[in-house]
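[1] Quick one: sequence and predicted model below, then my questions.
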Amino acid sequence: MQKKALIVGISGVIGRALAEQLSKEGWQVYGLSRGRGEVPSGCISLTADLTDAPTVSAALQGLTPDAVFFSVWARQENEQANIRVNSAMVKNVIDALGERLSGAHVALVTGMKHYLGPFEAYGKGKVPVTPFREEQGRQPVENFYYAQEDELFAGAKKYGYRWSVHRPHSIIGYALGNAMNMGLTLAVYATLCREKGWPFIFPGSPEQWNGVSDVTDAGLLAEQLSWAAQSAQAANEDFNTVNGDVFRWNWLWPRLAAYFGIEAAAYPQHMMPLEGRMQEAQAAWSEIAQQYQLREADISKLASWWHTDADLGRPMEAFADMSKSRKAGFSGYRSTLDAFTRLFDRLKQEKVIPE
């Protein structure tokens, strides 16, 4: 019988890549979201306010999935609110499905903030030694990722499903209207620099510019999620999920610039956050969108300046080890430069950025 997958947060950069991967493998994919974004072709869209338990229960009535994948997050004003809201979304879905999850697999996507702490705690505590390894455990700070994990674990005990947790770094993949999308943000930034003659300045910290880093291709994460849902070796385990190569931004930045036919500006040796430099970006992008007949003129639906600033502004080196995943049988790999250029090519094909 055809396997059924429920993706919670299907319209995001992770959810979209996972839907495409599972559909290619022959799964019937259901997507649960707030209904604000496009659902990939062939998927069945379910709409609910994930913070409202009755509406979630109504949306999932009659569905018995073989696997459930959580890739959902709603930014709140502080970490206490993040914990309350984001853990409730996981709990509401798990409780709505209840006994129908018996024998199924439930996967949760979190990220490197598991090791670094939430945005407001960056650099304030003792950061684990790089590369980050799953055995290093949790930081002694409040973190909505931990609260989501706790709901996942509690549901497994109550309903008898197996679980996995996946921790990607910055996601490089295709989606519009997503709040955590460095690849698209940098594509928009580079396009603005090319079209308006602005300097293509690396906005982040010296530690990120000079230190070792990695990122996660959304397609690679989708492959790992699919593998974990079907592999006995992945049951009840947590896994880092990164491309498998490492780089320094001082190497990658000029290569991204070259793709767009521009020169990378000299690094100023201090942070130059995008959010503080992009006041004219909306008006400039509207002109570019009209000139090239692009599909989206509202830059706020494309670029997330604050999130890219947070990723590139970390005051410490951050990259992860993939040994645990490799030893369990997952051998996926991506070249990071190729991940960026493939995304940029697709953005051109979809008329999101100009040729």
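    Sure thing, it's come through. Residues are numbered from 1 along each chain as shown.
[2] quick one: contacts for Val39?
    By Cβ atoms under 8 Å, 6 or more residues apart in numbering, the contact list for Val39 reads Ile10, Ser11, Ala19, Gly31, Ser33, Ser45. Heads up, the C-betas are built off the backbone N, CA and C, glycines and all.
[3] which SS class is it?
    Reducing the assignment at Val39 to three states with DSSP: H, G, I helix; E, B strand; the rest coil gives coil.
[4] To which secondary structure element is the spatially closest residue to it that is not a sequence neighbour assigned?
    Residue nearest to Val39 in three dimensions, not counting chain neighbours: Ser45, with 4.4 Å by Cβ to Cβ, 6 or more residues apart in numbering. With elements delineated by DSSP states H and E, Ser45 resides in strand 44-47, which encompasses its position.
[5] From the contact counts, what lies against that strand?
    Using 3 or more Cβ pairs under 8 Å, 6 or more residues apart in numbering; DSSP states H and E as the contact test, the elements touching strand 44-47 are strand 28-33.
[6] Any idea how far the strand it packs on is from the middle of the chain?
    Relative to its parent chain, strand 28-33 has a centroid offset of 17 Å by Cα atoms, centre = their mean, to the nearest Å.
[7] What residues of that strand count as buried?
    In terms of neighbour count (16 or more other Cβ atoms under 10 Å), strand 28-33 has its buried residues at Gln28, Val29, Tyr30, Gly31, Leu32, Ser33.
[8] Tell me which of the residues you listed has the lowest pLDDT.
    Across the buried residues of strand 28-33, no position has a lower pLDDT than Ser33, which has 88.
[9] still on that earlier bit, export the buried residues of strand 28-33 to CSV and append columns for distance to Pro268.
    Formatted as CSV, the entries for the buried residues of strand 28-33 read as follows, by distance: Cβ to Cβ, whole Å:
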residue, distance to Pro268
Gln28, 51
Val29, 45
Tyr30, 48
Gly31, 43
Leu32, 44
Ser33, 40
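[10] Does Leu192 touch Ala283 like I think?
    No - counting by Cβ atoms under 8 Å, Leu192 does not reach Ala283; the two are 10.8 Å apart.
[11] Those two: who's more crowded?
    Higher neighbour count among Leu192 and Ala283: Leu192, with 21 against 9, using other Cβ atoms under 10 Å.
[12] For the more buried one, pull up the helix or strand it's in.
    helix 182-196.
[13] Check Leu108 too.
    Taking DSSP H and E as the criterion, Leu108 maps to strand 105-109.
[14] Which elements pack onto that strand?
    Of the remaining helices and strands, those touching strand 105-109 by 3+ Cβ pairs under 8 Å, 6+ apart are strand 67-70, helix 144-159, strand 162-168, helix 218-230.
[15] would you list those in a markdown table and tack on distance to Pro203, mean pLDDT and mean neighbour count?
    Shown next, in a markdown table, are the helices and strands packed on strand 105-109 (distance: least, Cβ to Cβ, whole Å; pLDDT from 0 to 100; neighbours: other Cβ atoms under 10 Å):
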| stretch | distance to Pro203 | mean pLDDT | mean neighbour count |
| --- | --- | --- | --- |
| strand 67-70 | 30 | 98 | 28 |
| helix 144-159 | 25 | 98 | 18 |
| strand 162-168 | 21 | 98 | 23 |
| helix 218-230 | 22 | 98 | 24 |
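[16] Can you say which of the ones you listed is nearest to Tyr333?
    helix 218-230 (7.4 Å; Cβ to Cβ).
[17] Next one: the residue lying closest to Leu18 once chain neighbours are set aside from Gly15, what distance?
    If you skip the residues right next to it in sequence, Leu18 has Ala222 as its closest partner in space, 4.3 Å away by Cβ to Cβ, 6+ apart. Ala222 sits 9 Å away from Gly15, going by Cβ to Cβ, to the nearest Å.
[18] OK, contacts around Leu176?
    The neighbours of Leu176, taking Cβ under 8 Å, 6+ apart as the test, are Gly37, Glu38, Leu184, Glu296, Lys301, Leu302, Val352.
[19] ok, the fifth one touching Gly177?
    Think Lys301. Yes - applying Cβ under 8 Å as the test, Lys301 and Gly177 come out as touching, 4.8 Å apart.
[20] Tell me which of the two has more neighbours.
    Between Lys301 and Gly177, counted using other Cβ under 10 Å, Gly177 has the larger neighbour count: 18 against 14.
[21] For the more buried one, give its distance to Trp253.
    For Gly177, the distance to Trp253 equals 26 Å [Cβ to Cβ].
[22] so where do the strands sit in the protein?
    Along the chain, the segments classed as strands by DSSP state E run 4-8, 28-33, 44-47, 67-70, 105-109, 162-168, 171-172, 212-213, 216-217, 237-241, 247-248.
[23] I'd like the ones you listed as TSV, with distance to Phe153 appended.
    Putting these into TSV (distance: least, Cβ to Cβ, whole Å) gives the following:
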stretch	distance to Phe153
strand 4-8	17
strand 28-33	21
strand 44-47	25
strand 67-70	13
strand 105-109	10
strand 162-168	7
strand 171-172	24
strand 212-213	30
strand 216-217	23
strand 237-241	11
strand 247-248	34
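[24] Out of those, the one nearest Ile201 is which?
    When the strands of the chain are ranked by proximity to Ile201 (Cβ to Cβ), strand 247-248 comes first, at 16.6 Å.
[25] Tell me which other helices or strands that closest one touches.
    For strand 247-248, the helices and strands in contact under the criterion 3+ Cβ pairs under 8 Å, 6+ apart are strand 212-213.
[26] and the strand it packs on, average pLDDT?
    On average, the pLDDT along strand 212-213 is 97.
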